[in-house]
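*Asks:* pasting the structure only:
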Ligand code: DC
């Protein structure tokens with residue numbers, strides 16, 4: 001089992017996908033589960049601060065990944081919602097609901113089930129610290145806020161979502177503060193994680209490094 005945690009925009013998704021391909025593993029993007037809770041809460045008009053209501057909402061969702069042409073896609077109650085999960089509003093809602101212990105508890109079991117057979121690369125914020133503290137390989141992938149904002153802006157542009165560098169950087173800093181200062185499962189490296197700072201590394205170098213750690217373990 002390979003756990004890759006780290007802040008938004010550090011390149012976790014691409015790196016996790018490529019590491020999984022190299023190792024012949026499945027990739028599980030746990031952020032998508034929090035995004036699904038944020039998306040459905042927005043659609044149903046549930047307050048993003050109402051822990052008990054959101055916990056109930058999260059436990060009632062049927063969440064499953066199905067293989068698509070460019071990787072796993074999340075289905076929510078049987079519908080493919082992958083594209084709807086990737087907007088800035090849903091990212092913001094996900095960050096808010098993920099601070100609530102009721103939501104984290106509701107999604108914990110789902111994540112453990114997805115990883116229980118091994119042969120998986122799980123990416124998230126608390127995989128190495130909370131979800132699978134016994135993972136054989138734990139990586140904390142990070143990069144400077146500026147580098148992460150530049151990459152995230154490129155992703156948004158590619159998908160035709162309009163934004164500016166300043167807005168992306170400000171949103172990223174706000175999300176970093178919220179994700180790492182929350183009381184429940186804050187974003188931090190596990191004590192036994194290998195910290196990989198990708199600011200000055202190419203994607204290929206990061207992938208080779210992590211795949212190397214997995215092959216050695
Ligand atoms: O990785 P992402 O941007 O798709 O994650 C969306 C939000 O979900 C992010 O603000 C942090 C939260 N998250 C979390 O708290 N724990 C995880 N294991 C994964 C994501």
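*Replies:* Noted; the coordinates are in hand. Predicted, not measured: the structure shown is a model, and the values here were computed from it.

*Asks:* now the helices for this structure?
*Replies:* 12-23, 31-44, 51-60, 88-97, 101-115, 145-158, 165-181, 203-216 (DSSP state H).

*Asks:* what angle do the longest one and helix 88-97 make?
*Replies:* With axes from the mean of the first three to the mean of the last three C-alpha atoms, to 10 degrees as the basis, helix 165-181 and helix 88-97 are set at 20 degrees to each other.

*Asks:* please identify which of the helices of the chain is closest to the ligand.
*Replies:* Of all the helices of the chain, helix 31-44 sits nearest to the ligand, with 2.4 Å by C-beta to the nearest ligand atom. From N, CA and C alone the C-beta is placed, and that goes for glycine too.

*Asks:* does anything pack onto that closest one? Which helices or strands?
*Replies:* Secondary-structure packing of helix 31-44 (3 or more C-beta pairs under 8 Å, 6 or more residues apart in numbering; DSSP states H and E): helix 51-60, strand 63-68, strand 71-76, helix 88-97, helix 101-115.

*Asks:* how far off centre is that helix?
*Replies:* Relative to the mean C-alpha coordinate of its chain, helix 31-44 is positioned 13 Å out (C-alpha atoms, centre = their mean, to the nearest Å).

*Asks:* show me what counts as buried in that helix.
*Replies:* Across helix 31-44, burial judged by 16 or more other C-beta atoms under 10 Å covers 31-42.

*Asks:* check stretch 55-63 too.
*Replies:* Using 16+ other C-beta under 10 Å as the test for burial, stretch 55-63 gives 55, 57-58, 61, 63.

*Asks:* swap in stretch 103-112?
*Replies:* For stretch 103-112, a neighbour-count test (16+ other C-beta under 10 Å) marks 103-104, 106-107, 110-111 as buried.

*Asks:* sort those by pLDDT and name the bottom one.
*Replies:* In this model, the minimum pLDDT among the buried residues of stretch 103-112 belongs to residue 110 (93).

*Asks:* now do the contacts for the nearest residue to it once chain neighbours are set aside.
*Replies:* Leaving aside its sequence neighbours, residue 110 sits nearest to residue 63 (C-beta to C-beta, 6 or more residues apart in numbering; 5.8 Å). By C-beta atoms under 8 Å, 6 or more residues apart in numbering, residue 63 lies in contact with 33, 36, 74-76, 110.

*Asks:* tell me how far residue 63 lies from residue 45.
*Replies:* 21 Å (C-beta to C-beta, to the nearest Å).

*Asks:* and for residue 36?
*Replies:* From residue 36 across to residue 45, the span is 16 Å (C-beta to C-beta).

*Asks:* just residue 140 next, same as before
*Replies:* Distance check for residue 140 against residue 45: by C-beta to C-beta, it reads 36 Å.

*Asks:* what about these two, which has more around it?
*Replies:* Legend: neighbour count by other C-beta atoms under 10 Å for residue 140 and residue 45, higher for residue 140 (22 against 6).

*Asks:* quick one: the residue found closest to that one once you drop the neighbours it is linked to in the chain from residue 207, how far?
*Replies:* Using C-beta to C-beta, 6+ apart and skipping the chain neighbours, the partner closest in space to residue 140 is residue 189 (3.6 Å). Distance, residue 189 to residue 207, using C-beta to C-beta: 19 Å.
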